[in-house]
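Trainee: sharing a model prediction with you, sequence too.
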Amino acid sequence: MSEHGEVTGNATWPDALYDLLRANDVTQFAYVPDAGHKTMIDRSLADPDVHSISLTTEEEGVALAAGADLGGARAVLLMQSSGAGNCINMLSLTVGGRFPLLTFISMRGDFGEGNPWQFPMGQATQKVLEAMNVIVLRADHPNEVIDVAKAAITMAYQSGLAVAVLLSQRLIGAKKF
Amino acid sequence: MAQHKRIQNANLPEATLDRRQAVPALIPNPHDFLVIGGLAGAAQELTAMTDDGAGVYGLGGAMGAALGMGLGLALAQPGRKVLAVTGDGELLMNLGTLATCAVLNPGNLRIVCVDNGHYGETGNQDSHTGLGVQLDRIAAGCGISTVHTIHTEADMAEGRRLLEADVGLCFILLRVKEGPALRVPRSLDPAFTRNRFRMALLGKA
């Protein structure tokens, strides 16, 4: 992993995760950019068969995913843990409407964080999501990302639940300060 | 004193249209669209105009969702026209989505904002637009190339044309005076309306 918390070229799980999502018919990739999601964002921008949707705030993506579901499409929401807080009331739509939601959240304020600004939201991310009845799974090691993602895909798109996968700082690397 | 002052450079004519006539006049064929109705007047109105039709997903909460939902739906259903109807209060809550819509530029999405300048559900407080903020200029500034504002009946025909014609993404600001929306009883169960919408469109819940 790089100094900047950016997954480096020799990590294979980001490409494998993108391929897994595409193999499961995800066609809308919505995100507020984050270094931990760089590979998936770049892959979506280069993929003529998907919509790559840069959001101004993460809650837009929660609404977008519900709209995609109404139209029979699958969306995924990529964000940093700070964005989870921006989603809370919008999750009323997801949970109340029993819309599927799959989100991958790259963590800050987590394992090895050196910027104290990141801790309040980073440490609250799982709690606030669970308070809104979002199921939270977590990946700490490269060799578990795909298994966790497969479970989350089934829970979201087959069972129709809201599922967040936390990609820990141990996995993606802590940004250096 | 704590009164809000109108923004000085906003020189808009007084809104005169009654939404109960103006919204149906602008959207005479709501069944031609897949519709997202935003909180709360827009959802009530489109539900009433379609006799509680399955092709309307009306919000009863999650304020700010209408445009994002419309965008996701429009991208998912490129062969259908999608209409997102929202209000000034809801749109102000998530102005950034106008920018996201402009960037994605789905040609099948139509956005209507019914602007009564007030928070009609909560005691009729002035909204920012009631004090002079101009959402049509914000939409144009986001890069939505077709923006039309309806101040009076004379502006209505062009609005209808833009909704029906093959003009691509457009934003229509419908300025109305304060007052109630059309209303019929509707389900406030968001999962029921989701399943109903999907059954009608996709044949599966």
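Mentor: Good, I have the coordinates.
Trainee: give me the below-cutoff pLDDT ranges for chain A.
Mentor: The model of chain A has pLDDT under 70 over residues A:1-10, A:177.
Trainee: name the nearest residue to the spatially most central residue of chain B, sequence neighbours excluded.
Mentor: Chain B has B:Val85 as the residue nearest its centroid, 2.2 Å off, counting by Cα atoms, centre = their mean. Leaving aside its chain neighbours, B:Val85 sits nearest to B:Ala42 (4.2 Å; criterion: Cβ to Cβ, 6 or more residues apart in numbering or on different chains). The C-beta positions use only the backbone N, C-alpha and C, and glycine is treated the same way.
Trainee: go on, A:Gly67?
Mentor: B:Gly72 (2.8 Å).
Trainee: tally of neighbours for that neighbour?
Mentor: A count of neighbours around B:Gly72, defined by other Cβ atoms under 10 Å in any protein chain shown, yields 32.
Trainee: ok, the residue nearest to B:Val85 touching B:Asp115?
Mentor: No. Counting by Cβ atoms under 8 Å, B:Ala42 sits too far from B:Asp115 to count as a contact (10.8 Å).
Trainee: on that earlier part again, which SS state does the residue nearest to the centre of chain B fall under?
Mentor: Under DSSP: H, G, I helix; E, B strand; the rest coil, B:Val85 falls in the strand class.
Trainee: max-length helix in chain B?
Mentor: helix B:190-202 (DSSP state H).
Trainee: check which residues of it are buried.
Mentor: Neighbour-count burial for helix B:190-202, counted by 16 or more other Cβ atoms under 10 Å in any protein chain shown, picks out B:190, B:193-198, B:201.
Trainee: any residues touching that helix, and which ones?
Mentor: A:66, A:69-72, A:93, A:96-99, B:34, B:54-61, B:77, B:187, B:204-205 (Cβ atoms under 8 Å, 6 or more residues apart in numbering or on different chains).
Trainee: okay, and which of those residues map to helices?
Mentor: Those of these lying in helices (DSSP H): A:66, A:69-70, A:93, A:96.
Trainee: mind listing what's buried along the host helix or strand of A:Leu166?
Mentor: A:Leu166 is part of strand A:162-167, with elements assigned from DSSP states H and E. Residues of strand A:162-167 classed as buried by neighbour count (16+ other Cβ under 10 Å): A:162-167.
Trainee: can that strand be said to contact chain B?
Mentor: No. Applying Cβ under 8 Å from any Cβ of the partner chain, one finds strand A:162-167 separated from chain B by no less than 12.5 Å.
Trainee: number of residues surrounding the closest residue to B:Leu95 other than its chain neighbours?
Mentor: Closest residue in space to B:Leu95, ignoring its immediate chain neighbours: B:Ile138 at 6.3 Å, by Cβ to Cβ, 6+ apart. Counted with other Cβ under 10 Å, the neighbours of B:Ile138 add up to 19.
Trainee: can you check the pLDDT for B:Ile138?
Mentor: At B:Ile138, the predicted lDDT confidence score is 98.
Trainee: can I assume it is in contact with B:Leu98?
Mentor: Yes. Assessed by Cβ under 8 Å, B:Ile138 is found in contact with B:Leu98 at 6.4 Å.
Trainee: hang on, the earlier thing: tabulate the ones in helices among the contacts of helix B:190-202 (TSV), appending distance to chain B.
Mentor: Formatted as TSV, these follow (distance: Cβ to the nearest Cβ, whole Å):
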residue	distance to chain B
A:Ala66	5
A:Asp69	7
A:Leu70	5
A:Leu93	4
A:Gly96	4
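Trainee: can you name the two of the residues you listed that sit furthest apart?
Mentor: A:Leu70 and A:Gly96 (14.3 Å; Cβ to Cβ).
Trainee: more neighbours: those two, which one.
Mentor: A:Leu70 (25 against 17).
Trainee: the more buried one against B:Gly58, yeah?
Mentor: No. In this structure, A:Leu70 is not within contact of B:Gly58 by Cβ under 8 Å, at 12.0 Å.
Trainee: in contact with the residue minimising distance to the centre of chain A, which residues?
Mentor: In chain A, the centroid-proximal residue (Cα atoms, centre = their mean) is A:Phe104; its distance is 1.5 Å. If you count contacts by Cβ under 8 Å, 6+ apart, A:Phe104 has them with A:17, A:37, A:40, A:76-79, A:149, A:164-165, A:167.
Trainee: just these now: which is nearest A:Ile135?
Mentor: Distances from A:Ile135 to the contacts of A:Phe104, taken by Cβ to Cβ, are shortest for A:Ala164, at 7.2 Å.
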